[in-house]
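J.: show me the folded form of this:
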Amino acid sequence: MSENSIFFIDGVEVEPGSGAEVHWIDRDFFEVIYQGKSFKGEILNRDIENRKLRLKLNHRVFELKKRFVLDDLISELGLDKVKVKQLKEITSPMPGRILNIQVQVGDHVKVGEPILSLEAMKMENILKSDGEGVVKSVVIEKDQVVDKGELLIQFE
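T.: Residues are numbered from 1 along each chain as shown. Got it, this is the predicted structure:
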């Protein structure tokens, strides 16, 4: 196996082989010729940052992932972990009226979860968490009018 990279197809490590030819038709479509047989292929999804491809070859879908030896070192050092912001407080991004509060004291909030909805200029805005934390106190109430920058929720 190559010392520089390792390949996985549908999560199974595979040894790179030889003898296959790939002919690109365009950016998404290709043909593989292997042992005299032709296989039609299409790239369904590219995740370049994570070195993943989802492709269809003769009507069968595969996930292909390329891993480099350096990836093991990066993982050992813990540099592959996504850092998540710890929430301290949420303040109002604009003046408006609180329509709904989706969290209560003691709730554990994760990234992307809705916290509350705020009406501003006759539009409902859902405020979502950009970090993680446990709700310490909800300073506002439903139907309360708030100013820009006003404290809404505190976290532990």
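J.: downstream of the worst-scoring helix or strand of the chain on mean pLDDT, the next helix or strand is which one?
T.: Ranking every helix and strand in the chain by mean pLDDT, DSSP states H and E puts strand 5-9 at the bottom, with a mean of 72. Next along the chain after strand 5-9, taking DSSP states H and E as the criterion, comes strand 12-14.
J.: neighbours of the residue nearest to Tyr34 when sequence neighbours are not counted, just the number please.
T.: Using Cβ to Cβ, 6 or more residues apart in numbering and skipping residues adjacent in sequence, the residue nearest Tyr34 is Ala20, 4.3 Å away. For glycine as for every other residue, the C-beta is placed from the backbone atoms N, C-alpha and C. As a burial measure, Ala20 scores 11 neighbours (other Cβ atoms under 10 Å).
J.: Gly36 is in contact with Ala20, correct?
T.: No: using Cβ atoms under 8 Å, Ala20 is not in contact with Gly36; the gap is 11.1 Å.
J.: quick revisit: distance of the residue nearest to Tyr34 relative to Ile6?
T.: Here the criterion is Cβ to Cβ, to the nearest Å. By it, Ala20 lies 18 Å from Ile6.
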